[in-house]
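Enquirer: I would like to see how this sequence folds:
(chains A and B)
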Amino acid sequence: MSSNLDLKGRLSFLNLGELLQLIGSSGATGTLKIISDFTTAPGVIFIENGNAVNASMANLSGLEALFGLFGWSEGWFEFSLGPVNCVKTINKGRMEIILDALRLLDEGKIEKLRPAAGAIIEAPAAPTAKTPPRRADLSPLIKGPLVDYAYVVDEESFYDGDEIVREGAHGDWIWVILEGAAEIIKTTPSGPLRLMKVGDGAFLGSVAALLSGDNVRGATVVASGNIQLGMLNSQQLTAEIASLPNEFKGLIKSLDNRLHFVTHIVTETHVHNGSFLKLIQDKKLALKEGQNEDRLFQIREGEVVVARNTESGYLPLAHLQKGDFFGNIPFLTLGHEPHAAAVFSSGDLKLAVVDTVALQGAQQRLSPTLRHIIEHLAACISATTLVAINLFNKSGLSRERRIQDGNATL
Amino acid sequence: MAVVNLKKRQIECKIVYYGPARCGKTTNLEYIHKTFTQNVRGEMISIDTEGDRTLFFDFLPLEIGQLKGCDVRVQLYTVPGQMRYASTRKLVLRGADGVVFVADSLEVRREQNMLALKDLQQNLRDFNLNIFKIPLVMQFNKRDLEDAGIPLMSLEQMESELNRQLKVPAVPAAALKGTGVGKALQECLRLVLRSLQQELNF
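Expert: The predicted structure is shown next:
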């Protein structure tokens, strides 16, 4: 190895195109060596005043060799300054070479140097975040991705304080917020409860309404500041949903049930009714919180309660019955099981393992809008879960429950 | 990110023309290369990528003078939109300092514009760039075709469908005739320089 090394590094960090630009902009003269584990002889590029003048790779030389080296995506480079003594065979400009080489690479005309068969393939990193970030704020603001205007059929504006949707009213329109924010409010026996605030890109309305025709609004939505809404093409959405595989439809329905249940927990906690805590009592632990489980199950018989172990004990987050799904949904984060909640099951539980590959395939084929709606549903579940946990911890319900239970056994 | 070359006392930055296929990115660059000859340095490099050409040349915006004693040198690029040109796109978009999004005014291209814009957002995100933060200018191209009786989208419609959330400067243009080409570039340069000044604390 030459002693006067001036620049050395990994090609996965700085690829050949970037490297040639870097050396080019410094106008340096020297030799650039490309070393790969998959071949014995290094490739060499001779550079004069920042421009490649010749190259060699295996038995090739000149431009052909230089192009070939673009296929070495993994490996090392070493650059040493110093005069080069070689014939100038490359006369093309630097950027032209780079752009042309990358085009050839993309078109598959440059062979990519790859490890031989049987090499270790790195597993994709598992999601590390066990729980979504917890916020002290009781009303989180949920935003969505950029709006896909292809689905917007009409626009509506509302002023600050206007009621957009009323809980209990009928309607199955789904809106997307183009600009502004709105508050989701749930009616409880002890007055209205602000659940959360949603902003640009968030959806108003339930996708399950399109699925089942059950079109009663589950909460009131009030404009928070002036707001612009885009009405989504429900015919197009309904048609798309209708064409989904049955399991996917079931999953959407099941997710909607979860959102309803966890919202129910929030309102019950708010009015200090802890009767939902009984749900876990007659059930046994089937899946521990954080347990490694990458399967997804559909319930055929029996029932399941998903619960988070909070500082005040287990809080039920979902009550699932026949047809519902639980386990690991590979493309959604709910903040529930298996990473962030445990599963309790009834004695008569019968399950079917769901083919997640097929499910994921269906998810990939969704239109961007429907995919965003489903992701938004998951985000709402996760946010409402946090609201429920915060309220529950403050409520002291579990302590009262324990005292009651204590009295009962005495 | 702009590169400060202390040896040549130059700040090199990169402006990328992005947009759906055949929206007029290439026409923009060809017009600039042909018209602003005193600013153009070197030849225009043209790579034939399928469906679209990839163009590149250096541009010296002389009128903006120097920043801290350094000349500003701008590299202008177009990007091949097709999926398969991932490496080319990566090289071009990596470290982009500014983007001119060329949208096609033809009514039949409405959806392509939206898809390209979404694509741009995704591609930028892959390089840790944020479409809301990067200096970005919209150009609504092919306005001249209205005279030929071809149905175009109104400027208001394009503005609300493409630019409502982004709220960036938008320039109506007819790149073949050169209308709006200089203005879009100038606007983008202005934004790039402003963000450079902030970034480099000039």
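Enquirer: Provide the count of other residues in contact range of residue 43.
Expert: Defaulting to chain A. A:G43 is surrounded by 25 other residues when neighbours are defined as other CB atoms under 10 Å in any protein chain shown. Any C-beta I mention is one placed from the backbone N, CA and C, and that applies to glycine too.
Enquirer: think we crossed wires, I meant chain B
Expert: Number of residues near B:E43 (other CB under 10 Å) recorded here: 12.
Enquirer: again, but for B:V3
Expert: Applying other CB under 10 Å, we find 17 other residues in the vicinity of B:V3.
Enquirer: give me the beta-bridge partners of the closest residue to it other than its chain neighbours?
Expert: The spatially closest residue to B:V3, leaving aside those adjacent along the chain, is B:E12, at 4.6 Å (CB to CB, 6 or more residues apart in numbering or on different chains). Per DSSP bridges, the residues bridged to B:E12 are B:V3, B:R73.
Enquirer: For B:E12, grab the count of nearby residues.
Expert: 20.
Enquirer: Let's see the pLDDT reported for it.
Expert: At B:E12 the predicted local confidence, pLDDT, stands at 85.
Enquirer: Low-confidence stretches in chain A?
Expert: Residue ranges of chain A with pLDDT under 70: A:1-3, A:114-141, A:144, A:400-410.
Enquirer: Outline the domain layout of chain A.
Expert: Each domain of chain A is listed here as a residue range: A:7-106, A:138-243, A:245-410, per automatic domain parsing.
Enquirer: Output the contacting helices and strands for the helix or strand containing B:E156.
Expert: For B:E156, the element it lies in under DSSP states H and E is helix B:155-162. The helices and strands touching helix B:155-162, judged by 3 or more CB pairs under 8 Å, 6 or more residues apart in numbering or on different chains; DSSP states H and E, are strand B:98-104, helix B:110-126, strand B:136-141, strand B:170-172.
Enquirer: can you dump the C-alpha coordinates of it into CSV?
Expert: What follows is helix B:155-162, C-alpha atoms only, in CSV (Å, rounded to 0.1, in the frame of the first residue of the first chain):
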residue,chain,number,x,y,z
LEU,B,155,-53.5,29.1,-13.5
GLU,B,156,-55.8,29.2,-10.5
GLN,B,157,-56.5,25.5,-10.7
MET,B,158,-52.8,24.6,-11.0
GLU,B,159,-52.0,26.9,-8.2
SER,B,160,-54.5,25.3,-5.9
GLU,B,161,-53.8,21.8,-6.9
LEU,B,162,-50.1,21.9,-6.9
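Enquirer: Of the helices and strands packed on helix B:155-162, which is nearest chain A?
Expert: Comparison of the helices and strands packed on helix B:155-162 against chain A by CB to the nearest CB identifies helix B:110-126 as nearest, at 5.6 Å.
Enquirer: can you list contacts of the helix or strand where B:I32 lies?
Expert: Using DSSP H and E, the element containing B:I32 is helix B:25-35. Around helix B:25-35, the neighbours that count as contacts under CB atoms under 8 Å, 6 or more residues apart in numbering or on different chains are B:17-19, B:40, B:44, B:52-53, B:55, B:57, B:59, B:76, B:78-79, B:100, B:102, B:139, B:141, B:173, B:175-176, B:178, B:181-182, B:184-185.
Enquirer: can you list the domains of chain A in JSON lines and add distance to chain B?
Expert: JSON lines is the format used below for these (distance: least, CB to the nearest CB, whole Å):
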{"stretch": "domain A:7-106", "distance to chain B": "4"}
{"stretch": "domain A:138-243", "distance to chain B": "4"}
{"stretch": "domain A:245-410", "distance to chain B": "7"}
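Enquirer: related to what we said a few turns ago, pLDDT of the helix holding B:I32, averaged?
Expert: Regarding helix B:25-35, the rounded mean pLDDT is 91.
Enquirer: Stretch B:182-198 now?
Expert: Per-residue confidence for stretch B:182-198 averages out to 90 on the pLDDT scale.
Enquirer: Understood, closing this out.
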